[in-house]
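Visitor: Here is a sequence together with a model predicted from it:
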Amino acid sequence: MHTLTPESDVFEITDFTTASEWERYVPHPWKLYGGICGIYTSGVWEEKTDEISFADFKFSITHHYLVQESSDKDGKEELVEDALPLPMQDLLCMNNDFPPRAHCLVRWYGLREFVVIAPAANSDAVLSESKCNLLLSSISIGLGNTGCQVPLFVQIHHKWRRMYVGECQGPGVRTDFEMVHLRKVPNQYTHLSGLLDIFKSKIEMILPLYSALVRLQLEYYIDALVGGEVGGLEFGKLPFGACEDPISELHLATTWPHLTEGIIVDNDVYSDLDPIQAPQWSVRVRKADNPQCLLGDFLTEFFKLCRRKESTDEILGRSAFEEDGKEAADISHALSKLTEPAPVPIHKLSVTNMVHSAKKKIRKHRGVDESPLNNEVLNAILLFLFPDAADKLTDGSETRPTSSAGSNPPPECEEYNLFSQFKSAPSDSLTYKLALCLCMINFYHGGVKGVVHLWQEFVLEMRYRWENNYLIPGLASGPPDLRCCLLHQKLQMLNCCIERKKARDEGKKANIADRSPGGSSGDIGKAADHSGGDYQKETDKEKEVGKSWESWSDSEEEFFECLSDTDDLKGNGQENGKKGGSKEGGKEFTNFKPEGRLHQHGKLTLLHPGEPLYIPVTQEPAPMTEDLLEEQSEVLAKLGTSAEGAHLRARMQSACLLSDMESFKAANPGCCLEDFVRWYSPRDYIEEEVVDEKGNVVIKGELSARMKIPSNMWVEAWETAKPVPARRQKRLFDDTREAEKVLHYFAVQKPADLARHLLPCVIHAAVLKVKEEETLEDISSVKKIIKQIISHSSKILRFPNPEDKKLEEIIAQIMSVEAIIARARSLKAKFGIEKCEQEEEKEDLQRFVNCLLEQPEVSVVGAGRGPAGSIIHKLFVNAQRVSWQVAAVALSVKLKRSGSADERRLNSGAVADFPPPAGREVILRTTVPRPAPYSKPLPQRMYSVLTKEDFRLAGAFSADTTFF
């Protein structure tokens, strides 16, 4: 131990020539020298933040600066000799006295650039005076070493107090930034005269050589404003508007910008400060936080359905279909009931009868009052969705008019075509209307149970229309539109099935009515000659079975006309064709009677017989929804890339080609492949002029090179095809099977699945509603937001299964737009814009309201004497009367007992136009020599803010460090 003593003594030597830790603590190397200039109101505040350590204590250092355009003239003015640092010049500048949005130090000192050093963690605070002085000393040394002229502040005490002390240095000058914060206001400092006394005593101001400049601002506000009516609801449309006033407060700031000491009197006895006489007024509105709006609530509640996991049975209860221990009569068992052997006629076991019997049992177990939707609401919605059902209700007949889908051509406008961007549905479609109705039911009528109830009724209506050949209204004709949502495609697919089934049934009725031995075989939809006995035999066979055309269960082997074709095939010689096969020349079929002709193809003739070429009646290709296309693509992809797989893939894709070949052979006996190619694919038949043996120019044609490839699909299909007209072919599109698949798809949808399908339609409707409401208000900021919503939604909704977070972002954007429009309408109602008779004054008020929505604070033109100022004055007068009446009711009993002068004053109705100011802000400025009379005159500034629970003094006092 003794040997270590000399070494330990060495470490106790203190080298005072080495800079200590606090002396090395200098500002962050951001190259801060000051020198930002320009106009305060034309810039944007930015900041840079970093972390530093001092004695194992972490601080965050933040550089705040105003980015603005600087001119060459301003840069030249900075190079004046003996010029004060810009922060000191800012102390006397009035351009940045009361900024609407900026750091609190900007409002207190009017600075354009400064650095703040604060404890990094929220729990840490510089509370002791010694730590505060240590930091200030480090700052002073750092500023002196670097020559930085940017003010540096240190945040002390707890952060909620917003207490700062700082310093700014220049050549031969220094400014100290000091602050006082009190919760209880001393009485002598509640008026201007008391604040002037503090300011003069601090800077040791000599009168009458120097005087103080005063800038004073009083703040008044009204809360619980009463404006115009907002909100509303209309059936069949999304509601819009706020359920509460979205403007919670209106703040009025009355400012006296240029006052000198002694011009006005403001003390504890009397004050000249009348807000009506203030030369400057500025207004800002405080917006309600997340105001309740109808459209936003509708979207939010409907989006919650997407997260439900219950099935339909779990929501409504499976017991609704059970009856005293008997077998459940579920609608899903309807198809199995049809196939069960039963002695009763089959038509009594139709799906519709099964459905109605199940509904009767539902009503038996559940009273009418217990239904999620009452009959009145349900009938109104069904009539809105299916307007063609109104005739049935009026005349009582069972026949429904067939709605011609797509009778109203879609308008060529941007709003209508939004459905293709959102992948929703046209705004006049049944799917769009269904989404609106489900959204309204979910919010107003029964919630998720009401949604399930309406969906069940909708599915039953779809099955009824399928079984009775009634087209679905509100759907465009043709195949499913892949630009729309899947549910809309399914409805279009069902409509295609109904169209095919209806056309087939009408064709059969026409054949039965018009069938005669001399009937023309070329007419569309008519069969070739059938003997009366054969037909009578077939119809008698039907009657024995008791099965109608509508109740046939189609299978894969079903033909367009399910009569026996044996006799027809024998009569036309097609039995021989089946035995001997089909040759290219088609000589075996030259004796056939042509069938299924549509019309003659111009002047074209068959190559070999030379007879006219007829265009056949062909089957239309099968319509496909996007899920069916995906399934087909997956099946074809699984076949692989081998030669066998490619051949099988080609055969699967040539079903339509084979059907058209068979129809062509039936319509043109004796035709060959070249004849078919000339009609079906003219580019694959090459014609050229040649000279024959006699020297005549003749046209000779042949198949293209791809058609001559051995064993290509066209040749194989032609050899396989038989002369069968379209009405006897196997259907390319089995409408019965596809319709049952669609109806089954509808029946198994959960509420969450249904909401997912229809959410793009609801968002589409919400965007259209917002655009409609925006056109009435004409707010530029709202137009930009709507464009962003459309762009954002188009990217998200175009793909299946979008993320919930992204959907929530879209809904939040729509809600923000609704709140902005609601605020605009509230302000328009408060300022009485619609009641204004003078057009010029009305336009000024409209611009004023728009500025209130888009800017944090707006100057009132003409102050209290302008159009907007007079309306604001009336608002305060009305608010004062209301508050006075409330106070009068509360104090009436007490004042009546005393009978004092207060009672007489209360009865006289003397009420001030404005309430006592909620806040007083005073800025005092001057230029005086400090610290000695012979020192250089430097700017001095003191800011004071007084509210009900807060009093703050922020002083910037400059001193001459050369002549002191």
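Guide: Structure's in. What do you need? Residues are numbered from 1 along each chain as shown.

Visitor: isn't residue 953 right next to residue 186, touching?
Guide: No. With contact taken as C-beta atoms under 8 Å, residue 953 and residue 186 are classed as non-touching, separated by 10.8 Å. Just so you know, the C-beta spots here come from the backbone N, C-alpha and C atoms, and that holds for glycine as well.

Visitor: Just want to know which of those two has more residues nearby.
Guide: The neighbour count for residue 953 versus residue 186, taken as other C-beta atoms under 10 Å, is higher for residue 953 (21 against 10).

Visitor: SS state for that one?
Guide: Taking DSSP: H, G, I helix; E, B strand; the rest coil as the rule, one finds residue 953 in the strand state.

Visitor: Which residues does it form beta bridges with?
Guide: Here residue 953 shows beta-bridge partners residue 180, residue 944, assigned using DSSP bridges.

Visitor: cool, the one 4 residues further on as well?
Guide: Residue 957 has the following beta-bridge partners by DSSP bridges: residue 176, residue 940.

Visitor: so it touches residue 201, yeah?
Guide: No. Counting by C-beta under 8 Å, residue 957 sits too far from residue 201 to count as a contact (11.7 Å).

Visitor: Neighbour count for these two, which is higher?
Guide: Between residue 957 and residue 201, counted using other C-beta under 10 Å, the more crowded position is residue 957 (21 against 9).

Visitor: contacting residues around the more buried one?
Guide: Residue 957 sits next to 175-176, 178, 202-203, 930, 940 when contact means C-beta atoms under 8 Å, 6 or more residues apart in numbering.

Visitor: Show the buried residues in these.
Guide: 175, 202-203, 930, 940 (16 or more other C-beta atoms under 10 Å).

Visitor: Please dump the residues you listed into JSON lines; it should also carry pLDDT and distance to residue 874 for every row.
Guide: Supplementary listing: those in JSON lines, determined by pLDDT from 0 to 100; distance: C-beta to C-beta, whole Å:
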{"residue": "175", "pLDDT": "93", "distance to residue 874": "46"}
{"residue": "202", "pLDDT": "87", "distance to residue 874": "43"}
{"residue": "203", "pLDDT": "85", "distance to residue 874": "44"}
{"residue": "930", "pLDDT": "87", "distance to residue 874": "49"}
{"residue": "940", "pLDDT": "92", "distance to residue 874": "41"}
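
Visitor: Need the CA coordinates for stretch 837-849. CSV is fine.
Guide: Coordinates of the C-alpha atoms in stretch 837-849 are reproduced here as CSV (Å, rounded to 0.1, in the frame of the first residue of the first chain):
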residue,chain,number,x,y,z
GLU,A,837,-78.3,40.3,-49.8
GLN,A,838,-75.3,42.2,-51.2
GLU,A,839,-73.3,40.0,-53.6
GLU,A,840,-70.0,41.7,-52.9
GLU,A,841,-70.4,41.4,-49.1
LYS,A,842,-71.5,37.8,-49.5
GLU,A,843,-68.3,37.0,-51.5
ASP,A,844,-66.1,38.7,-48.9
LEU,A,845,-67.7,36.7,-46.1
GLN,A,846,-67.3,33.5,-48.1
ARG,A,847,-63.6,34.1,-48.6
PHE,A,848,-63.3,34.9,-44.9
VAL,A,849,-64.9,31.6,-43.9
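
Visitor: From the chain's centroid, how far away is that stretch?
Guide: Here the centre of mass of C-alpha atoms in stretch 837-849, compared against the chain's by C-alpha atoms, centre = their mean, to the nearest Å, lies 32 Å away.

Visitor: How about stretch 243-253?
Guide: A distance of 26 Å separates the centroid of the chain from that of stretch 243-253, by C-alpha atoms, centre = their mean.

Visitor: List the buried residues in that stretch.
Guide: Of all the residues in stretch 243-253, those buried under the rule 16+ other C-beta under 10 Å are 245-248, 250-253.

Visitor: now swap in stretch 117-135 and tell me
Guide: Residues of stretch 117-135 classed as buried: 117-119, 125-126, 131-132, 134-135 (neighbour count, 16+ other C-beta under 10 Å).

Visitor: repeat for stretch 497-512
Guide: Judged by neighbour count (16+ other C-beta under 10 Å), stretch 497-512 contains these buried residues: 497-502, 504, 507-508, 511.

Visitor: could I get the residues you listed as CSV with distance to residue 720, pLDDT and secondary structure?
Guide: Below are these laid out as CSV (distance: C-beta to C-beta, whole Å; pLDDT from 0 to 100; DSSP: H, G, I helix; E, B strand; the rest coil):
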residue, distance to residue 720, pLDDT, secondary structure
497, 28, 91, helix
498, 32, 91, helix
499, 30, 89, helix
500, 25, 86, helix
501, 29, 88, helix
502, 32, 88, helix
504, 26, 81, helix
507, 27, 74, helix
508, 28, 73, helix
511, 28, 65, helix
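
Visitor: Closest one of these to residue 914?
Guide: Proximity to residue 914 was ranked across these by C-beta to C-beta; first place goes to residue 498, at 72.0 Å.

Visitor: Now do the domain split for the protein, please.
Guide: The domain map for the chain lists 21-30+39-68+83-205+930-963, 624-732, with the assignment taken from the TED database.

Visitor: What ranges does the stretch 401-550 of the chain have for its helices?
Guide: Across the stretch 401-550 of the chain, reading from the start of the chain, the helices by DSSP state H, counting those that start in this stretch fall at 418-422, 430-444, 447-467, 486-514, 532-545.

Visitor: which of these has the lowest average pLDDT?
Guide: Mean pLDDT is lowest for helix 532-545 among the helices of the stretch 401-550 of the chain, at a mean of 34.

Visitor: Check the protein for its longest strand and report it.
Guide: For the chain, the strand that runs over the most residues, judged by DSSP state E, is strand 247-260.

Visitor: Now do that one: which elements does it pack against?
Guide: Other elements packing on strand 247-260 under the criterion 3 or more C-beta pairs under 8 Å, 6 or more residues apart in numbering; DSSP states H and E are strand 213-223, strand 280-287, helix 804-830, helix 867-898.

Visitor: which one of the ones you listed lies closest to residue 463?
Guide: When the helices and strands packed on strand 247-260 are ranked by distance to residue 463, counting by C-beta to C-beta, first place goes to helix 804-830 at 31.8 Å.

Visitor: Which strands or helices does the closest one pack on?
Guide: Contacting helix 804-830 under the criterion 3+ C-beta pairs under 8 Å, 6+ apart are the following elements: strand 247-260, strand 280-287, helix 294-305, helix 751-777, helix 780-797, helix 839-854.

Visitor: one more time with 7 Å
Guide: In terms of contacts (3 or more C-beta pairs under 7 Å, 6 or more residues apart in numbering; DSSP states H and E), helix 804-830 is packed against strand 247-260, helix 294-305, helix 751-777, helix 780-797, helix 839-854.

Visitor: Make CSV from those and add mean pLDDT and distance to residue 921 to it.
Guide: Putting the helices and strands packed on helix 804-830 into CSV (pLDDT from 0 to 100; distance: least, C-beta to C-beta, whole Å) gives the following:
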stretch, mean pLDDT, distance to residue 921
strand 247-260, 88, 8
helix 294-305, 91, 37
helix 751-777, 91, 34
helix 780-797, 90, 29
helix 839-854, 85, 21
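
Visitor: looking at these, which is closest to residue 388?
Guide: Among these, helix 751-777 sits nearest to residue 388 (C-beta to C-beta), with 21.3 Å.

Visitor: Could you measure from the nearest residue to residue 743 once chain neighbours are set aside over to residue 740?
Guide: Once its chain neighbours are removed from consideration, residue 743 has its nearest residue in residue 463; the separation is 5.6 Å (C-beta to C-beta, 6 or more residues apart in numbering). As judged by C-beta to C-beta, to the nearest Å, residue 463 and residue 740 stand 9 Å apart.

Visitor: more neighbours, these two?
Guide: Each of residue 463 and residue 740 had its neighbours counted (other C-beta under 10 Å), and the higher figure belongs to residue 463 (21 against 18).

Visitor: measure that one to residue 446 for me?
Guide: Remark: distance between residue 463 and residue 446 (C-beta to C-beta) = 23 Å.

Visitor: Over to residue 164?
Guide: Plainly put, residue 164 is 59 Å away from residue 446 if you go by C-beta to C-beta.

Visitor: and those two? which has more neighbours close in?
Guide: Each of residue 164 and residue 446 has its neighbours counted (other C-beta under 10 Å); residue 164 has more, 23 against 18.
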